[in-house]
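[1] Kindly generate the corresponding structure for this input.
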Amino acid sequence: MNFCLISRALACSVAGAILFACITESAAMAASSSPKSPIHHVILVVGENHSFDNLFGGYQPVSGQSVDNLLSEGIIKADGTPGPHFDKAAQWNATNHDRYSIAPSRTGPYPRLPQPNTTFAFGQPPGVPDKRFPADLPDGPFPLSKYGAYQLSYTGDPSHRFFQMWQQFDEGRNDLFVWAAVTIGFGSDGKPPPAPFTDQSTRQGAVAMGFYNMNLGDAPVFKFIADHYAMSDNFHQAIMGGTGASFIFLGTGDLAFYSDGNGNPLTPPTELIEDPDPWSGSNNWYRRDGYHSGTYVNCADRSQPGVAAILDYLKTLHRPSNCAADHYYLVNNYGPPYNPDGTLVDRKQHPYTLPPQTLPNIGEVLSKAGIPWKYYIGGLKPGGANDSWCSICNPMQFSRNVMTTGLRANITGVTDFFHDAESGTLPAVSFVRPYEPYSGHPANSSVAAYEYFVQAVANAVIKQPQLFADTAIFVTFDEGGGYYDSGYIQPLDFFGDGTRMPMTVISPYVEPGVIDHAYADQASFLKFIEWNWGLAPLSSRSRDNLPNPIASTQNPYVPSNGPAIGDLQSIFDFSHRRSDAPLILPGGI
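    Predicted coordinates for the structure are as follows:
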């Protein structure tokens, strides 16, 4: 993700003010929709960058439930050591010298994993082999907290970019997480490969293969939630790619694209276009990719770099691309076009910035229907933001229809969430994004820090019985962060799906310990809100149009009617409201 704060620039447009007048008039005329379920308050808490197996790989479910994870697959034992089927997670070496491939020629498994790198982990020297971990780890997942105390564990940051993730997936084999990381990592930024080139040159090593082990006390908050409330073991990041694109999808069910700021597609400068074809003489070192380089893709044109490999794979599965002609989609991270105060960012000074977006978003739709909502984000305060604010972690800040109208007032600091919960004034739909140090993002945060935040948010609601009685709190992440995951991925279109992520639900309408297996991704949050309040999908091309999955009891993870995405209803029992719903670890972590 991009940690840079965006500077102040131009004033907002008159056109935006006119648009807001239309929106508020429509909202005033629309009667507030009554929920179809007992859920009158939806709260979505979103941290960063952990896959399902990274967090729940060793989880053992309550009696009567089953889970698909490292332990159940026999990849690890309960103590975190290699299990009888450890080789299922073996990572392979590969070669790719000519054109980008999502299934490059594999040359054999690693005899041992490259030593994990520190990347830029807090408290560690940057970009060197992490001496906390052995240099001879076996080829497969390894327990992170075995080599460092869980509460203080700031680890390296795995590579988590779009074309890299397609290679990690390797057409369903999930065996190139390490190879993609050590050959290209976070991208080339248009520069030639360093020389000499080693398995540490990308500042990655095998950090992607680390996992936390709940059997040894790791992630106690998430374990408590899973044991006493509910979770999914088949929930996915919606796109292959990083935080910025994932948050935009969270609000729109779609991808942002390069435009004139009025919704008309344009061709971006060449230096902003992805080119994942290998640099001459290299093994998979992309020509143009990185946080200060290309991140737009015209995926309707198979002659564009990297596009044909994905389109050809989708064709074998009879899946659509969902790529509109002449649209250059953002598949990784660029900054938002607006500052928090609604002024425009000067893109001449900040070229890695999206133009204003006009994609329909869930905030607009809720307002038009008269349904109150807020986006609570850490670090935002009156007059601006501080360095605990994440500039790319709010889909509404990319939207012209929000940022240049009165809807911008729905974006507020996370401290307001606790005030609103205590005073009984939470809106029907709340999005909650932590302060950056509590986001859980590897290297600059930790899972333990995110757990403190989740515990505080959940307990603030549970302590208000009247509020909690009709509330569902969804706790998840924006993406898998490049961490290894053993689970099934359903290819939906050019953009994803991606790896599984944790997704838990805290509500009096879930039974303790339930694990839902229905296939879902971030569009499922939109589908649940739309179903509950009787709203239409956001647009004709957004993912919330996909049907709910149909699957067999023999294999509940793979939809037989794909592409299909669930609406999360199956995780609830709306016929029964529990009276025994507990606070989250009231005695402390």
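[2] all helices for this protein, in order.
    Counting by DSSP state H, one finds helices in the chain at the ranges 14-29, 52-56, 162-169, 177-183, 220-228, 243-252, 307-316, 362-368, 400-403, 415-423, 447-462, 465-468, 523-533.
[3] To P586, which of those helices lies closest?
    P586 lies closest to helix 447-462 among the helices of the chain, at 7.4 Å (Cβ to Cβ). (Glycine included, C-beta is placed from N, CA and C.)
[4] Packing partners of the closest one?
    Packing contacts for helix 447-462, counted by 3 or more Cβ pairs under 8 Å, 6 or more residues apart in numbering; DSSP states H and E, involve strand 41-47, helix 220-228, helix 415-423, helix 465-468, strand 471-477, strand 503-506.
[5] Format those as JSON lines; extra columns: mean neighbour count, mean pLDDT and distance to G244.
    What follows is the helices and strands packed on helix 447-462, written out as JSON lines (neighbours: other Cβ atoms under 10 Å; pLDDT from 0 to 100; distance: least, Cβ to Cβ, whole Å):
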{"stretch": "strand 41-47", "mean neighbour count": "23", "mean pLDDT": "99", "distance to G244": "13"}
{"stretch": "helix 220-228", "mean neighbour count": "21", "mean pLDDT": "98", "distance to G244": "25"}
{"stretch": "helix 415-423", "mean neighbour count": "16", "mean pLDDT": "97", "distance to G244": "23"}
{"stretch": "helix 465-468", "mean neighbour count": "15", "mean pLDDT": "98", "distance to G244": "32"}
{"stretch": "strand 471-477", "mean neighbour count": "25", "mean pLDDT": "99", "distance to G244": "14"}
{"stretch": "strand 503-506", "mean neighbour count": "24", "mean pLDDT": "99", "distance to G244": "20"}
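[6] related to what we said a few turns ago, tabulate the helices of the chain (CSV), appending distance to F572.
    What follows is those, written out as CSV (distance: least, Cβ to Cβ, whole Å):
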stretch, distance to F572
helix 14-29, 28
helix 52-56, 20
helix 162-169, 31
helix 177-183, 33
helix 220-228, 15
helix 243-252, 21
helix 307-316, 33
helix 362-368, 20
helix 400-403, 30
helix 415-423, 21
helix 447-462, 17
helix 465-468, 15
helix 523-533, 9
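[7] Out of these, which is closest to G281?
    Set against G281 and scored by Cβ to Cβ, the helices of the chain come closest in helix 177-183, at 13.1 Å.
[8] now that closest one, how far from the centre of its chain.
    20 Å (Cα atoms, centre = their mean, to the nearest Å).
[9] How about stretch 496-505?
    Here the centre of stretch 496-505 is set off from its chain's centre by 8 Å, with Cα atoms, centre = their mean.
[10] Quick one: end-to-end length of that stretch, please.
    With Cα to Cα, to the nearest Å as the measure, stretch 496-505 spans 24 Å from end to end.
[11] cool, and stretch 75-87?
    7 Å.
[12] Now tell me what touches that stretch from outside.
    Stretch 75-87 has contacts (Cβ atoms under 8 Å, 6 or more residues apart in numbering) with 57-58, 60, 70-71, 73-74, 88-89, 109, 138, 140-143, 146, 211, 213, 215-216, 486.
[13] So which bits of that stretch are buried?
    Within stretch 75-87, the residues scored as buried using 16 or more other Cβ atoms under 10 Å are 75-77, 80, 82-83, 86.
[14] Likewise for stretch 300-315?
    Neighbour counts over stretch 300-315 (16+ other Cβ under 10 Å) mark 300, 304-311, 313-314 as buried.
[15] Average pLDDT for it, rounded please.
    The pLDDT scores in stretch 300-315 average 98.
[16] Could you pull out the strands in the stretch 301-450 of the chain for me?
    Here the stretch 301-450 of the chain has its strands, by DSSP state E, counting those that start in this stretch, at 329-330, 373-377, 380-381, 384-385, 411-413, 429-433.
[17] Parallel or antiparallel, which strands does the fourth one pair with?
    Okay, so that is strand 384-385. Sheet partners assigned to strand 384-385 using DSSP bridges are listed as strand 380-381 (antiparallel).
[18] List of residues touching the strand it pairs with?
    Residues outside strand 380-381 that contact it (Cβ under 8 Å, 6+ apart) are 340, 389, 411-414.
[19] what about F163, distance to F495?
    Distance, F163 to F495, by Cβ to Cβ, to the nearest Å: 12 Å.
[20] Among the two, which residue is more densely surrounded?
    Neighbours were counted for F163 and for F495 using other Cβ atoms under 10 Å; F163 has more, 29 against 26.
[21] Next one: the residue nearest to the more buried one when sequence neighbours are not counted from Q91, what distance?
    Nearest non-adjacent residue to F163, counting by Cβ to Cβ, 6 or more residues apart in numbering: P276, 4.1 Å away. Distance, P276 to Q91, by Cβ to Cβ: 20 Å.
[22] G363 too?
    41 Å.
[23] Who has more neighbours out of those two?
    Q91 (27 against 24).
[24] May I ask which of the contacts of strand 380-381 has the most neighbours?
    When neighbours are counted by other Cβ under 10 Å, P340 leads these with 25 neighbours.
[25] ok, which stretches of the stretch 51-200 of the chain are strands?
    For the stretch 51-200 of the chain, the strands defined by DSSP E, counting those that start in this stretch cover 92-95, 105-109, 142-143.
[26] any chance of these in JSON lines, with mean neighbour count too?
    Below are the strands of the stretch 51-200 of the chain laid out as JSON lines (neighbours: other Cβ atoms under 10 Å):
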{"stretch": "strand 92-95", "mean neighbour count": "18"}
{"stretch": "strand 105-109", "mean neighbour count": "12"}
{"stretch": "strand 142-143", "mean neighbour count": "20"}
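[27] for these, which one sits closest to S293?
    The nearest among the strands of the stretch 51-200 of the chain, by Cβ to Cβ, is strand 92-95 at 23.0 Å.
[28] just checking, what packs against the closest one?
    strand 105-109, helix 177-183.
[29] any chance of these in TSV, plus distance to R433 and mean pLDDT?
    Conversion of the helices and strands packed on strand 92-95 to TSV gives the following (distance: least, Cβ to Cβ, whole Å; pLDDT from 0 to 100):
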stretch	distance to R433	mean pLDDT
strand 105-109	39	98
helix 177-183	27	98
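[30] Format these as CSV; extra columns: distance to T405.
    Listed next are the helices and strands packed on strand 92-95 as CSV, based on distance: least, Cβ to Cβ, whole Å:
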stretch, distance to T405
strand 105-109, 52
helix 177-183, 41
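[31] Can you say which of the ones you listed is nearest to Q554?
    Q554 sits nearest to helix 177-183 of all the helices and strands packed on strand 92-95, at 28.3 Å, using Cβ to Cβ.
[32] helices or strands next to the closest one in the packing?
    Secondary elements touching helix 177-183 (3+ Cβ pairs under 8 Å, 6+ apart): strand 92-95, helix 162-169.
[33] The shortest one: partners in the sheet, and parallel or antiparallel?
    Okay, so that is strand 92-95. Applying DSSP bridges, strand 92-95 is found paired with strand 105-109 (antiparallel).
[34] which residues are in contact with the partner strand?
    By Cβ under 8 Å, 6+ apart, the surrounding residues in contact with strand 105-109 are 87, 90-96, 139, 175-176.
[35] can we see that at 10 Å?
    Outside strand 105-109, the residues that touch it by Cβ atoms under 10 Å, 6 or more residues apart in numbering are 87, 90-97, 139-140, 170, 173, 175-176, 179.
[36] For N322, give me its contacts.
    By Cβ under 10 Å, 6+ apart, the neighbours of N322 are 254-255, 299-300, 314, 329, 492-496, 541-543, 563.
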